[in-house]
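>>> here you go, sequence then predicted model.
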Amino acid sequence: MMNLVIDIGNTLVKLAVFEGDKLLETIVEKQLEESLIVSLYENHNIKKGIYASVRASNEDETLLKKYNFYPLSHLTPLPLAIKYKTPETLGIDRIAAVVGAKVKFKNTDLLVMDLGTCITYDFVNSKNEYLGGAIAPGFQMRFKALNHFTGKLPLVNFNVANLKLIGNTTETSIVSGVYNGMKNEVIGAINSYLSQYETLKIVVTGGDINLFDLEPKNRIFADEFLVLKGLNEILNYNAE
């Protein structure tokens, strides 16, 4: 019996096929097309599906209803307790990422960081309670904000060759400010959590997980499929 899970993010659509907890196949596209779903159904013995969307269109939802996909929402039963004061406003991608991390790290304090369009920090304690976290602008959003909210600053495309601490042109100054500012923010957040939770484990996901070399290695784990794994776990939890 196989599961098909779909993560509709701000930028990309990710589809994955699971057999039990085993990830068999992933597909990444800019838009959700019915041909993708048909192809996966034809190639795999799909029995059930779930989707999470932060930009759901009526067209996407109509398509997914056609194939009886289970929509993840704040009302979906979860294998952890949500202590967030406004669960109806909590991003479902954040929920899925946390559940995915808890599959691997049980009974420990856990910080999940998603470095995507936005940077999200999500904390689950050792009692399996989700408490909340933080949201900040992502890497590309910072470049776009500098260009959009000023009169003369250009829109810069990141190139590691232009990365230096002391920028000697406007472009390299922007690259230094965005890259080093975000890196110091992420490291600062990690250190703040570590100062309060000695046994903390940290799981990092998202499209920009390879931007920084984060320490300490024995506490920080990267998993690019974290949201997909969380969706699969939620689907299995509700099937049971």
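Arrived safely, thanks for sending. Numbering: from 1, shown residues only.
>>> helix or strand for the closest residue to residue 158 other than its chain neighbours, which one?
Leaving aside its chain neighbours, residue 158 sits nearest to residue 175 (6.3 Å; criterion: Cβ to Cβ, 6 or more residues apart in numbering). Placement of C-beta: from N, CA and C, glycine included. If you go by DSSP states H and E, residue 175 is part of helix 170-196.
>>> and the helices in the protein?
Assignment of helices within the chain using DSSP state H yields the ranges 34-43, 58-66, 92-104, 139-148, 170-196, 226-239.
>>> can I get the ones you listed in CSV including distance to residue 74?
Formatted as CSV, these follow (distance: least, Cβ to Cβ, whole Å):
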stretch, distance to residue 74
helix 34-43, 25
helix 58-66, 16
helix 92-104, 7
helix 139-148, 25
helix 170-196, 24
helix 226-239, 12
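>>> for the least confident helix or strand in the chain by mean pLDDT, C-alpha coordinates in PDB please.
For the chain, using mean pLDDT, DSSP states H and E, the weakest element among its helices and strands is helix 58-66, scoring a mean of 86. Taking Å, rounded to 0.1, in the frame of the first residue of the first chain, the C-alpha atoms of helix 58-66 are listed here in PDB:
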ATOM      1  CA  ASN A  58      -9.700  26.700  -6.200                       C
ATOM      2  CA  GLU A  59      -8.300  24.900  -9.200                       C
ATOM      3  CA  ASP A  60      -5.800  22.900  -7.100                       C
ATOM      4  CA  GLU A  61      -8.400  22.000  -4.500                       C
ATOM      5  CA  THR A  62     -10.900  20.900  -7.100                       C
ATOM      6  CA  LEU A  63      -8.200  18.600  -8.700                       C
ATOM      7  CA  LEU A  64      -7.200  17.100  -5.400                       C
ATOM      8  CA  LYS A  65     -10.800  16.500  -4.300                       C
ATOM      9  CA  LYS A  66     -11.200  14.600  -7.500                       C
END
